[in-house]
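# kindly generate the corresponding structure for this input.
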Amino acid sequence: MRILLTGGSAGGKSTFAEKLAVRFGGKLWYIAAMQPYGEESEIRIARHRAMRAEKGFETIERYTDIAGLMIPERGTVLLECLCNLTANEMFDPEGAGEDTVSEILRGIEALERQSTDLIVVTNDVGSDSGGYGELTMRYVDALGEINRVVAARFDAVFEMVCGIPLPLKGELPWEC
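Okay, here's the model as predicted:
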């Protein structure tokens with residue numbers, strides 16, 4: 001099954017994604033796209049990695065080039081998150097730059113082929129009034145396009161609001 005989780009910041013997406021992955025079972029892979037920038041983020045990443053390990057996840061840090069990632073064994077894959085991945089691909093010297101959208105979509109297709117179940121986390125962008133600069137709008141537009149394509153292709157899409165999954169498309173094979 002392929003599931004996209006969207007919503008605002010701190011809406012419970014990551015917690016719900018991890019619960020879903022554990023429920024699907026099998027080998028659990030967590031693809032973390034957040035790059036560490038300084039000691040504070042390194043501490044946060046280490047804490048999250050330890051918490052995931054307790055749940056049975058094996059974490060793969062991957063900041064760009066998801067298409068080139070080889071998952072060692074089929075299982076449930078959780079990609080956290082498209083927001084960081086999009087920023088990395090757009091702005092990192094190692095990233096895809098102008099080809100960000102196609103590169104990320106190619107990467108998601110590669111993960112689909114390598115997983116039994118795939119859960120992707122993203123943020124809702126573009127629903128506010130905007131007023132951003134040109135560079136930020138390029139990011140919002142790219143992430144919005146990626147979100148639309150993935151949502152159309154995936155089996156289920158849920159918006160997380162205050163920790164509550166609201167179904168936008170499809171359903172889970174069991175109660176939440």
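
# list of residues touching the lowest-mean-pLDDT helix or strand in the chain?
In the chain, the helix or strand scored least confidently by mean pLDDT, DSSP states H and E is helix 39-54, which has a mean of 86. Under the criterion Cβ atoms under 8 Å, 6 or more residues apart in numbering, residues 18, 30, 32, 34-36, 59 lie in contact with helix 39-54. Quick note: C-beta positions are derived from backbone N, CA and C, even for glycine.

# try it again with 10 Å
The contact list for helix 39-54, computed with Cβ atoms under 10 Å, 6 or more residues apart in numbering, reads 14, 18, 21, 28, 30, 32, 34-36, 57-59, 61, 78, 80.

# quick one: buried residues of it?
45, 48, 52 (16 or more other Cβ atoms under 10 Å).

# using CSV, write out the CA atom coordinates for it.
Provided in CSV are the C-alpha atoms of helix 39-54 (Å, rounded to 0.1, in the frame of the first residue of the first chain):
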residue,chain,number,x,y,z
GLU,A,39,25.0,20.8,17.1
GLU,A,40,21.3,21.3,18.0
SER,A,41,20.0,19.5,14.9
GLU,A,42,22.6,16.7,15.4
ILE,A,43,21.3,16.1,18.9
ARG,A,44,17.7,16.1,17.7
ILE,A,45,18.5,13.7,14.9
ALA,A,46,20.3,11.3,17.3
ARG,A,47,17.4,11.4,19.7
HIS,A,48,14.9,10.6,16.9
ARG,A,49,17.1,7.9,15.5
ALA,A,50,17.2,6.2,19.0
MET,A,51,13.4,6.5,19.4
ARG,A,52,12.8,4.9,16.0
ALA,A,53,15.3,2.1,16.7
GLU,A,54,13.2,1.2,19.8
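
# about what we covered before: and of the buried residues of helix 39-54, the nearest to residue 138?
Distance to residue 138 across the buried residues of helix 39-54 (Cβ to Cβ) is lowest for residue 45, with 26.6 Å.

# distance of the closest one from residue 143?
Taking Cβ to Cβ, to the nearest Å as the measure, residue 45 falls 21 Å from residue 143.

# also residue 13?
On the measure of Cβ to Cβ, residue 13 and residue 143 end up 14 Å apart.
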